[in-house]
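Asks: Build me a structure from this.
(one chain, ligands or ions: 1)
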Amino acid sequence: MSSQNTPPDGPENEVSPTTGTEPSDSTAEANEPVEGGLVAEVAGMTEKERAEHEAEVAEVVAPDREIAVEVGDTLLELRDLTMRFGGLTALNSVSFSIRRGEILGLIGPNGAGKTTCFNAMTGVYRPTEGQVLLEGKPLGKLKRFEITRRGIARTFQNIRLFSEMTALENVMVGTDARHRTGVVGALLRLPRHRREEKEGIERAMALLEFVGIADRAADKARNLPYGYQRRLEIARALATEPKLLCLDEPAAGFNPAEKEELMELIRRIRDDGYTVLLIEHDMKLVMGVTDRIVVLEFGGKIAEGSPAQVREDPAVIAAYLGVPDDDVA
Ligand SMILES: Nc1ncnc2c1ncn2[C@@H]1O[C@H](COP(=O)(O)OP(=O)(O)OP(=O)(O)O)[C@@H](O)[C@H]1O
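Replies: Residues are numbered from 1 along each chain as shown. This is a model prediction of the structure:
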């Protein structure tokens, strides 16, 4: 195997998958009260106050993201992307586009090449052939943290969190990716660093509230229930202010009620102005939440279209023939 084809980083919880940075020492003790300007006592609010509060949270969650393309224009393009591992062709000249403001589903039977697509887009693998373009510019040989800075964030099939850090700190790792103060500025605690730090805490708290887990902000990630950990991963990815959010099987291990809540969250993320690429095995969820779907089989694209078109496509039906309903992506 060449160095280009190395698998994702080894031990989890060591290097931030979103920023590529080393985890810093945990400074806040678990269960210590956390201060965040936006996290108010929602319970005692009137309906009007609550609506205002939610609008304020949404504004912090989705700041001005300097996206060069208009809603509906191509945000990301995969052009003839091929990925080979030795003799195995995991992706074979795959091309498709993601439009700004849409939720695009990427589905296909096990081993079809979905995660390889994510890995090739986010710099984990370097494509053997072909290109990935973000806002028309090739990602080329950019490293993972550089791709994060350019605006692609992702979550992983197997949750990757800094388990000894609090939920808030995990999200702040994501916000750190956007900071402009250098190490010297941080060490000297220059005003800009202090301002960024304060903004980082406020934004991280708003994100935790947005994904519905602000009540556990001070808990260590490892002590959070599974569903909370999945939501925390999403909050951390959003903290990098991505133009494109890639979710790799976010509903894995969820019960039907949790899947419903996740669908609602994904819609809210899109409504906040993000673009979402979703790999998911649960067909009901994929059909219910996506605007368009791309279908892979054996590393090649076999269909693309609206959920209704894809559901009726003979090639897709053939690819899934005999696969139980719950296990079809
Ligand atoms: N690092 C690697 N080295 C060798 N082969 C790999 C590597 N990564 C993926 N593959 C192979 O590439 C093919 C596509 O795998 P990939 O994980 O992208 O499929 P997938 O559609 O995401 O599947 P699943 O739904 O099971 O997660 C598989 O045959 C897999 O074994």
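Asks: all helices of this protein, in order?
Replies: Listed in chain order, the helices found in the chain under DSSP state H are 47-61, 114-121, 144-150, 167-176, 183-187, 191-210, 226-239, 256-271, 283-289, 307-312, 314-320.
Asks: Which among those is found nearest to the ligand?
Replies: Proximity of the helices of the chain to the ligand was assessed by C-beta to the nearest ligand atom; the nearest stretch is helix 114-121, lying at 3.3 Å. From N, CA and C alone the C-beta is placed, and that goes for glycine too.
Asks: Which neighbouring elements make contact with that closest one?
Replies: strand 74-85, strand 88-99, strand 103-107, strand 244-248, strand 275-279 (3 or more C-beta pairs under 8 Å, 6 or more residues apart in numbering; DSSP states H and E).
Asks: Nearest spatial neighbour of residue 287, chain-adjacent residues omitted?
Replies: Nearest-residue entry for residue 287: residue 307, 4.5 Å, with adjacent residues in sequence omitted and distances by C-beta to C-beta, 6 or more residues apart in numbering.
Asks: let me redo that: residue 288
Replies: In space, not counting the residues next to it along the chain, residue 288 is nearest to residue 263; the distance is 5.7 Å by C-beta to C-beta, 6+ apart.
Asks: contacting residues for that neighbour?
Replies: With contacts defined as C-beta atoms under 8 Å, 6 or more residues apart in numbering, the neighbours of residue 263 are 285, 288, 289.
Asks: My read is that the last one contacts residue 267, right?
Replies: Yes: the criterion here is C-beta atoms under 8 Å, and residue 289 meets it with residue 267 at 6.4 Å.
Asks: who touches both of the two?
Replies: With the criterion set as C-beta under 8 Å, 6+ apart, the overlap between the contacts of residue 289 and residue 267 is residue 103.
Asks: Compare neighbour counts for the two and give me the winner.
Replies: Neighbour tally, residue 289 and residue 267, criterion other C-beta atoms under 10 Å: the higher count belongs to residue 289, 23 against 14.
Asks: How confident was the prediction at the more buried one?
Replies: On the pLDDT scale, residue 289 is placed at 95.
Asks: And it, how far from residue 297?
Replies: Residue 289 sits at a distance of 22 Å from residue 297 (criterion: C-beta to C-beta, to the nearest Å).
Asks: And residue 120, how far from residue 156?
Replies: When C-beta to C-beta is applied, the distance between residue 120 and residue 156 equals 15 Å.
Asks: okay, those two: which has more neighbours?
Replies: Neighbours of residue 120 and residue 156, each counted by other C-beta under 10 Å, are more numerous for residue 120; the result is 24 against 20.
Asks: tell me the mean pLDDT over stretch 312-321?
Replies: Stretch 312-321 shows a mean pLDDT of 87.
Asks: Off-centre distance for that stretch?
Replies: 28 Å (C-alpha atoms, centre = their mean, to the nearest Å).
Asks: what's the answer for stretch 297-311, then?
Replies: On the basis of C-alpha atoms, centre = their mean, stretch 297-311 is displaced by 22 Å from the centre of the chain it belongs to.
Asks: what's across from the spatially most central residue of the chain in the sheet?
Replies: Averaging the C-alpha coordinates of the chain gives a centre point, and the residue nearest to it by C-alpha atoms, centre = their mean is residue 154 (3.2 Å). Each beta-bridge partner of residue 154 is listed here: residue 246, as defined by DSSP bridges.
Asks: so how far is residue 217 from it?
Replies: Counting by C-beta to C-beta, the gap from residue 154 to residue 217 is 23 Å.
Asks: buried sites along stretch 290-308?
Replies: By 16 or more other C-beta atoms under 10 Å, the buried positions in stretch 290-308 come out as 290, 292-297, 299, 301-304, 307.
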